[in-house]
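A.B. asks: here you go, sequence then predicted model.
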Amino acid sequence: MQLAPAKLKAHLGQALGPLYLLYGDEPLLVLEAADCIRATARTQGFDEREVLVAGPGFRWGDLAQAGGNLSLFGGNKLIDLRIPSGKPGREGGEALVRHAERSDKGVQGVMTLITLPQIDWQTKKAAWFVTLSKAAVVLELNAPPLSQLPDWIALRLATQKQSASAEALQFIAAHVEGNLLAAHQEIQKLALLYPVGKLTLEQVEEAVLDVARYDVDKLRAALLAGDGARCARLLEGLHAEDTAPPLVLWALAQETRTLAQLSAQRDQGASFDAACASLRIFGARQGAYRPAVERSTTPLLRTALLQAARIDRMIKGLARGDLWDEFLQLSLRLCQRA
């Protein structure tokens, strides 16, 4: 059963299931959900907990042994299985299938909590994961996107009886982007520094540090969204983190080429959907490209490609100029409306 993270507390107020599977791209959310499940299990008589970490050299027979090795005088047992790599291998996959089938039969006195990191679509199609998903209560715990981060921060502030203006929430989000653990720590810091009630923008600016994490994927998303201010902030962060310039150029040039191809097909009379299909762009990616194509023209994109070629020569030492300023100018050119 797939369970929305927001419904976890309500679910735990009812009878616990025999098997829980947690995974996602945000370790803080996975840890918090696992802690919540473990705490509830203790209150419902699962006094014994056995932690198994499926790292290199792990013996998968220990999982079956943990499920069958119950104390005659102890309480119920919680098996806390952690798979840091998210790849159990063939032996591990078979062991997980057997354990899921055993849990599905409702073995008394045993409850299992399995935690994984972020997993890809191929892993989701693996037999062991499909079997676990059918037998377990499944929670996918991913970091909220930047557009939803202010709301997430507001909810966290509300739990410590604080609130903040929209400007203050946006300020916090911009300074903790991509680093949810730091966001959690900054929110806790606000509870220590200020009393309950509404926080001002000045108070937030004074307390919150710039602990955002930047990567080129966020830059590509901001570029397609036409968010020039965010592009500038991301480039500044990437520069400060000594990100390799060829990686930044690859991200910008990749999107520029794709937009140029879509624009050229549009000029030839092809529909946007047909152009995307020819380039194998589907789903959410297709939706991200639509506004970028609508605001661009083929001449503008050709100019952007020429600028990308100039940046490539600068990286190779064949041309002079301020490399990061060129990155910024290229990004802003791609964000502007025709």
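C.D. replies: Everything's here; your move. Numbering: from 1, shown residues only.
A.B. asks: G17 contacts A136, doesn't it?
C.D. replies: Yes: the pair formed by G17 and A136 meets the contact definition of CB atoms under 8 Å, at 7.2 Å. Bear in mind the C-beta positions are built from the backbone N, C-alpha and C, glycine included.
A.B. asks: what are the bridge partners for L78, then?
C.D. replies: Legend: beta-bridge partners of L78 under DSSP bridges are R49, M111.
A.B. asks: separation between it and A34?
C.D. replies: 11 Å (CB to CB, to the nearest Å).
A.B. asks: shared neighbours of G17 and A136, anything?
C.D. replies: M1 (CB atoms under 8 Å, 6 or more residues apart in numbering).
A.B. asks: between L78 and A34, which one's more packed in?
C.D. replies: With neighbours defined as other CB atoms under 10 Å, L78 and A34 compare such that L78 has more, 23 against 19.
A.B. asks: which ones are touching that one?
C.D. replies: So L78 contacts 38, 41, 46, 48-50, 111-113 (CB under 8 Å, 6+ apart).
A.B. asks: any idea of the mean pLDDT for stretch 264-275?
C.D. replies: Taken as a whole, stretch 264-275 carries a mean pLDDT of 90.
A.B. asks: quick revisit: Serialize the contacts of L78 to TSV and add fields for distance to E167.
C.D. replies: Below are these laid out as TSV (distance: CB to CB, whole Å):
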residue	distance to E167
R38	38
A41	42
F46	45
E48	50
R49	45
E50	49
M111	45
T112	45
L113	40
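A.B. asks: between the residues you listed, identify the one with the most neighbours.
C.D. replies: Top of those by neighbour count (other CB under 10 Å): T112, with 28 neighbours.
A.B. asks: could you give the number of residues near the closest residue to that one other than its chain neighbours?
C.D. replies: Nearest non-adjacent residue to T112, counting by CB to CB, 6 or more residues apart in numbering: I79, 4.5 Å away. Neighbour count for I79, taken as other CB under 10 Å: 22.
A.B. asks: so I79 touches L113, yeah?
C.D. replies: Yes: at 7.1 Å, I79 counts as touching L113 under the criterion of CB under 8 Å.
A.B. asks: name the residues contacting each of the two.
C.D. replies: Going by CB under 8 Å, 6+ apart, no residue sits against I79 while also sitting against L113.
A.B. asks: coming back round to it: more neighbours, G17 and A136?
C.D. replies: A136 (23 against 18).
A.B. asks: roughly how far apart are that one and G226?
C.D. replies: 41 Å.
A.B. asks: check A319 too.
C.D. replies: In terms of CB to CB, A319 sits 28 Å off from G226.
A.B. asks: which one of those two has more residues nearby?
C.D. replies: G226 (17 against 14).
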